[in-house]
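[1] Dropping the sequence and predicted coords here.
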Amino acid sequence: MIDEDRKLMELLEELSVTYKEYENKFGKGSLDYWLGGHDPVYPDVRSISKEIFKIRKAIKNNKKLPEVEIVKNFFCIQ
């Protein structure tokens with residue numbers, strides 16, 4: 001495994017932990033309508049690192065991340 005692949009795997013694991021921390025703080029499903037910062041098909045180290053930073057900053061500042069209202073409206077979720 002090359003170094004970048006190893007780093008990517010570590011970051012994906014860290015991202016999963018960060019998601020759980022966010023959901024513990026703001027409730028289960030609180031990330032369902034947030035457009036994350038990385039491409040799930042072609043993830044890269046930089047975008048995942050930025051996403052982790054954004055989520056941790058939201059947790060630290062006790063502010064939920066912005067959600068995409070059009071998705072909520074499409075599924076008629078209140």
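    Everything's here; your move.
[2] So what would you say the end-to-end distance of stretch 24-34 is?
    End-to-end distance of stretch 24-34 (C-alpha to C-alpha, to the nearest Å): 16 Å.
[3] Correct me if wrong: residue 25 contacts residue 59.
    Yes: if you go by C-beta atoms under 8 Å, residue 25 and residue 59 touch, sitting 5.4 Å apart. From N, CA and C alone the C-beta is placed, and that goes for glycine too.
[4] Compare those two (neighbour count), which wins?
    Higher neighbour count among residue 25 and residue 59: residue 59, with 17 against 14, using other C-beta atoms under 10 Å.
[5] Isn't that one up against residue 23?
    No: with contacts counted by C-beta under 8 Å, residue 59 stays clear of residue 23, the gap being 10.2 Å.
[6] and stretch 13-32, which residues are buried?
    Residues 15, 18-19, 22, 26, 30-31 are the ones in stretch 13-32 that count as buried (16 or more other C-beta atoms under 10 Å).
[7] TSV please, covering those and showing secondary structure and distance to residue 48.
    Below are the buried residues of stretch 13-32 laid out as TSV (DSSP: H, G, I helix; E, B strand; the rest coil; distance: C-beta to C-beta, whole Å):
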residue	secondary structure	distance to residue 48
15	helix	6
18	helix	10
19	helix	12
22	helix	15
26	helix	20
30	coil	19
31	coil	14
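[8] Contact partners for the spatially most central residue of the chain?
    For the chain, the residue nearest the mean C-alpha position is residue 36 (5.0 Å; C-alpha atoms, centre = their mean). Residue 36 makes contacts with residue 51, as judged by C-beta atoms under 8 Å, 6 or more residues apart in numbering.
[9] where does the protein have low pLDDT?
    Applying pLDDT under 70 to the chain picks out residues 1, 70-78.
[10] Let me see the ranges of the helices in it.
    Secondary structure of the chain (DSSP state H): helices located at 3-26, 45-61, 69-74.
[11] nearest spatial neighbour of residue 38, skipping sequence neighbours?
    Leaving out its chain neighbours, the residue that sits closest to residue 38 by C-beta to C-beta, 6 or more residues apart in numbering is residue 47, at 4.0 Å.
[12] and the one you found, how many neighbours?
    Neighbour tally, residue 47, other C-beta under 10 Å: 15.
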